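Peer 1: A predicted structure for the sequence below; I have some questions about it.
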Amino acid sequence: MGGLRVGYACVNTQLPSSARTLRLANVTPERLRKLIAANLEALEAILGWNERHGVEVFRLTSNLIPFGSHAANELLWWEEFARRFEEVGGLILRAGMRLSTHPGQCTVLSSSRPEVAAAAVAELEYHDRLLSALGLDRSHKIVLHVGSGAGDPKTAVDRFLSGFARLSPGAAGRLVLENDERWPLAPVLALAARVRLPVVFDVFHHRLAASFDGLAVRDLVLRAGDTWHRRDGRQEVHFSTQAPGKRPGAHAETLDTSEFTRFVDEVYDLPLDCVLEVKDKERSVLTAHELLRRRTCA
DNA sequence: GGAAGTCAAGTCTCG
DNA sequence: CGAGACTTGACTTCC
């Protein structure tokens, strides 16, 4: 069955944060335990809201486990909280939700600095452990940018490949690459083909750094779609628009319904999981749902 | 209580 | 050369 599913990233503006953390200087096992428990509680509430509102696509915050890939966190949190993870994961599976994560800008697998690449490997392993603790299979993805060195693509690709080779099968099996302003879709597809990774097409980043001149958005989505296989689950795409008056690349406050309608007109029949990257989060998802509902009726 | 400053990490752009 | 920006602010200090 085709059809577009729309979701959002990390934060529900009406509910408590699932990304509470503390300062490195203040880390103790007890404080970490308290925050992990609180973050899982908050995540469960957000997922409950999503379930009640028919939102099936969601991005987990990287900060669910404070210092999840840092030596300062010595907890075996995936064991200590195994029951809670199972409960929350059960909700996700019951509701047919699709989760992904998106490590931050400090996760640079292609860095020329060995310690940075090593930290990136650790971060990706943490994300895999998190999704696995929830009982989610490899269709629940970790979405990563290629990283540094777009000016010198050849060596950057080599560094990326050697970083990728250091990942566990679990983390490698979840990895997905996303085009951005430095790495347009064409070079990302070329790199992804070498390691057989799926590719997330980000419409906004594509507008800022276009490749494949002349191809319609639908064609680009289809090209990215060729990289997704059955075991990877539904193809993920990202949608956002330029914040008016802000620097190029700044994400808009809310969904631009006319641009989104144009996007939907091109891809509504494809089986896509679309993450909206807008500041008002779940509210724009409801707007998108309404828009899609009317479209179906019309 | 509220405002301002600071926080694990990288990299690039702009002023 | 420092600040700001990036998928997501949240914590701590100071008044």
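Peer 2: Sure thing, it's come through.

Peer 1: List the contacts of whichever residue of the stretch 101-250 of chain A sits closest to DNA strand C.
Peer 2: Nearest residue of the stretch 101-250 of chain A to DNA strand C, counting by C-beta to the nearest atom of the strand: A:Gly104, 2.1 Å away. In short, each C-beta sits where N, CA and C put it, glycine included. Residues counted as contacts of A:Gly104 (C-beta atoms under 8 Å, 6 or more residues apart in numbering) are A:Ser62.

Peer 1: Next one, pLDDT for it please.
Peer 2: A:Gly104 is assigned a predicted lDDT (pLDDT) of 89.

Peer 1: Quick check: residues of chain A near DNA strand C?
Peer 2: Remark: the part of chain A in contact with DNA strand C comprises A:9-11, A:17, A:19-23, A:26, A:35, A:59, A:61-63, A:102-105, A:145, A:180, A:247, A:249-251, A:277, A:279, using C-beta under 7 Å from any atom of the strand.

Peer 1: Would you mind marking which of these are also close to DNA strand B?
Peer 2: Applying C-beta under 7 Å from any atom of the strand, the subset of those adjacent to DNA strand B comprises A:Arg23, A:Ser62, A:Gly104, A:Gln105, A:Arg247.

Peer 1: ranking those by neighbours, who comes first?
Peer 2: Within those, most neighbours by other C-beta atoms under 10 Å means A:Ser62, with 21 neighbours.

Peer 1: Can you report phi and psi for that one?
Peer 2: With angles defined as degrees, to the nearest 10, A:Ser62 shows backbone torsions of phi -70, psi -20.

Peer 1: Likewise for A:His251?
Peer 2: Per degrees, to the nearest 10, the residue geometry at A:His251, taken as phi and psi, is phi -80, psi 140.

Peer 1: what about it, how many residues close to it?
Peer 2: For A:His251, using other C-beta under 10 Å, the count is 14.

Peer 1: residues in contact with it?
Peer 2: Contact partners of A:His251, counting by C-beta under 8 Å, 6+ apart, are A:Phe204, A:Ser240, A:Thr241, A:Ala243, A:Glu277, A:Val278, A:Lys279.

Peer 1: Kindly indicate which of those lies nearest A:Glu259.
Peer 2: Proximity to A:Glu259 was ranked across the contacts of A:His251 by C-beta to C-beta; first place goes to A:Thr241, at 5.2 Å.

Peer 1: pLDDT value on that closest one, please?
Peer 2: pLDDT, read off for A:Thr241, is 86.

Peer 1: for it, what are its contacts?
Peer 2: Counting by C-beta under 8 Å, 6+ apart, the residues that A:Thr241 touches are A:Phe204, A:His251, A:Ala252, A:Leu255, A:Asp256, A:Glu259, A:Phe260, A:Val278.

Peer 1: Where does the last one sit: helix, strand or coil?
Peer 2: What that stands for is A:Val278. Three-state secondary structure (criterion: DSSP: H, G, I helix; E, B strand; the rest coil) places A:Val278 in coil.

Peer 1: any idea how far A:Leu292 is from it?
Peer 2: The spacing between A:Val278 and A:Leu292, counted by C-beta to C-beta, to the nearest Å, is 16 Å.
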